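> Next come a sequence and a model predicted from it.
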Amino acid sequence: MSPHSDDQKGVLPTGHAETVRAGIERLLPRLWRFCMVLAKDRVAAEDLAQSTCVRALQREHQFQAGTRLDSWLYRIAQTIWFNQRRAANLRGRTSGLEADDVELVDQSVGSELNLYHKQVLSAVMALPESQRIAVVLVYVEGLSYKEAADHVGVPIGTIMSRLAAARLRLATLKDETSKQKVARADLE
Amino acid sequence: MSTTKSFTDEELVAYSDGVLDTARANEVKIALEHDTCLAARFGALEFDRRAVSAGFEAMADTAPIDFLREKIRTQPGQPHFSFGAGSQWLRIAAALIAGLCIGWGVTRIRDEPTEDWRVAVASYQRLYTTATLAGVTSDGGIEREEVAAVADKLGLPIKLGQLQLADLEFKRAQLLEFEGRLLAQFAYLDARGVPISFCATRSNAPDSLVQVGTIGGLSAASWDKYGYSFIVIGTAPAEALRQAASALFEAI
């Protein structure tokens, strides 16, 4: 199921500091992307990715050689994000933006295919957080159901339920989009 | 048309993803050929995985890589915790130097902390034996005063009651200093007389949950909360330290 090779997963032969550092550098685009999935805001994702890198480098000795560096980084990012949000909630602040408010992909690259991908991306980003994370971990990052369950800290059945719920919701959104297109075409 | 109730949405998704076990997958496959309701349900779970991948690939292409790479390259790495075989003298020397610096309050003058405080704590903790704390007799009144004084200096609202842990005997509280930062140490002995320390210092680190690892050959459980970094450390089994850390995480 995994779309990523061992190298892309960041499976490292040793836990040597420079190896971890190099592995993190290689994974930066995907780490930032996962931070976007959590934060839904470019600036917040940038801050979160930066905090994650700092924390990971401080704790590189805790990384177990032979395991997935990408999963380890995502767990750190998720822990930081949830703690930050909890602290923000305690302070009475809200966080998180609606998907429509977010510049998700490069708008300068315009094509029908890109537009479709952007719509799909927006639909996934509009999912409830738990479903969004499950979809990204399994279908984008290539984690197995069990790996995703371990990552989130829930039973495997919960991940399967979230995936099923997410897919039903995405199908509904797709239907609505199609109906809107037909309606617009009829008006024209 | 047969019933559609025998397969859950979760099973249909697992079938679609190719991870349903073979026997059950065959059942789904056969049922889909004859059961229009099931086929409709399956269709409703259809998912354009390639489009999702492509969308997220496009997102990754917009990552601020240069900015993040620069941040990583300027970030100092973790000092190496483990000493190689045959470097016993280096280990002892490091422990003694760190112990002197912390234990007797020698402040090194530096603008920024250059060493992870937890490494220094590990070095200091390695100097502890059962005898270090065995002579400290328990006196609730004195302990309360010690904890109150240390908590006051550190600015951490903490009381003796929050530090009482199952299976660990609280021995004393003392204030140390590391690279100009105050550091509270709360010392315990477990039932076998193994010394364990719970330490806290101010920190800018974002909140984090308890993480268990090894520092300087000692088991350690550390976390960050409300502007402080905490660590429980000692030669006791990691699970015992994790339990103690979890209890303190909840209590404080």
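Great, that's in hand. All figures in this text were calculated on a predicted structure; none of them were measured in a lab.

> Test my guess that A:Val20 contacts A:Gln62.
No: the pair A:Val20 / A:Gln62 is not scored as a contact, 10.1 Å apart, by C-beta atoms under 8 Å. C-beta: built from backbone N, CA, C; applies to glycine.

> more crowded one of the two?
A:Val20 (25 against 19; other C-beta atoms under 10 Å in any protein chain shown).

> give me every residue that touches the one residue in the stretch 151-252 of chain B that gets nearest to chain A.
Closest contact between the stretch 151-252 of chain B and chain A, by C-beta to the nearest C-beta, is at B:Asp207 (3.5 Å). Contact partners of B:Asp207, counting by C-beta atoms under 8 Å, 6 or more residues apart in numbering or on different chains, are A:80, A:83-84, A:86-87, B:224-226.

> From B:Leu165, how far out is it?
Here B:Asp207 is placed at a distance of 22 Å from B:Leu165 (C-beta to C-beta, to the nearest Å).

> Please apply the same query to B:Glu33.
Taken as C-beta to C-beta, the span from B:Glu33 to B:Leu165 is 62 Å.

> ok, which stretches of the stretch 51-200 of chain B are helices?
Here the stretch 51-200 of chain B has its helices, by DSSP state H, counting those that start in this stretch, at B:65-73, B:88-103, B:117-125, B:130-134, B:140-154, B:160-163.

> among these, which is nearest B:Cys199?
helix B:117-125 (5.2 Å; C-beta to C-beta).

> centre of the chain versus that closest one, how much separation?
16 Å (C-alpha atoms, centre = their mean, to the nearest Å).

> Who are the packing partners of it?
If you count contacts as 3 or more C-beta pairs under 8 Å, 6 or more residues apart in numbering or on different chains; DSSP states H and E, helix B:117-125 packs onto helix B:88-103, strand B:168-178, strand B:181-190, strand B:195-202, strand B:208-215, strand B:218-225, strand B:228-234.

> how about a cut-off of 6 Å?
Helix B:117-125 sits against helix B:88-103, strand B:195-202, with contacts defined as 3 or more C-beta pairs under 6 Å, 6 or more residues apart in numbering or on different chains; DSSP states H and E.

> just flag whichever of those has the lowest average confidence.
Mean pLDDT is lowest for helix B:88-103 out of the helices and strands packed on helix B:117-125, coming in at a mean of 43.

> Any regions of chain A where pLDDT drops low?
A:1-18, A:88-113, A:174-188 (pLDDT under 70).

> Could you rerun that using 80?
A:1-19, A:60-62, A:65-66, A:86-115, A:172-188 (pLDDT under 80).

> Show me which positions of stretch B:213-223 end up buried.
By 16 or more other C-beta atoms under 10 Å in any protein chain shown, the buried positions in stretch B:213-223 come out as B:213, B:215-216, B:218-223.

> next one: stretch B:185-204
Buried-residue list, stretch B:185-204, by 16+ other C-beta under 10 Å: B:185-190, B:194-201, B:203.

> rewinding a little: weakest of the helices of the stretch 51-200 of chain B by average pLDDT?
helix B:88-103 (a mean of 43).

> Going by distance to B:Pro64, which of the contacts of B:Asp207 wins?
A:Ile80 (17.6 Å).

> wait, the closest one sits on A:Ser51?
Yes: using C-beta atoms under 6 Å, A:Ile80 and A:Ser51 qualify as a contacting pair, with a distance of 5.3 Å.

> Quick check: neighbours shared by these two?
Common contacts of A:Ile80 and A:Ser51, defined by C-beta atoms under 6 Å, 6 or more residues apart in numbering or on different chains, comprise B:Pro206.

> Neighbour count: the two, which is higher?
Using other C-beta under 10 Å as the criterion, A:Ile80 and A:Ser51 rank with A:Ile80 on top: 25 against 19.

> element containing the more buried one, please.
helix A:69-90 (DSSP states H and E).

> wait, does stretch B:234-251 contact chain A?
No: judged by C-beta under 6 Å from any C-beta of the partner chain, stretch B:234-251 and chain A are separated, with a smallest distance of 11.8 Å.

> Show me which of B:Glu33 and B:Leu165 is the more surrounded one.
Set side by side, B:Glu33 and B:Leu165 show more neighbours around B:Leu165, with 20 against 9, by other C-beta under 10 Å.

> Looks like the more buried one contacts B:Ala244 (just checking).
Yes: the pair B:Leu165 and B:Ala244 passes the contact test of C-beta under 6 Å, sitting 5.3 Å apart.

> which residues touch stretch B:157-167?
B:143-144, B:147, B:151, B:170, B:186, B:191, B:244, B:247, B:251-252.

> For ChimeraX, write the select line for the buried members of these.
Selecting just the buried residues from these in ChimeraX takes one command, with 16+ other C-beta under 10 Å as the test:
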select /B:143,147,151,170,186,244,247,252
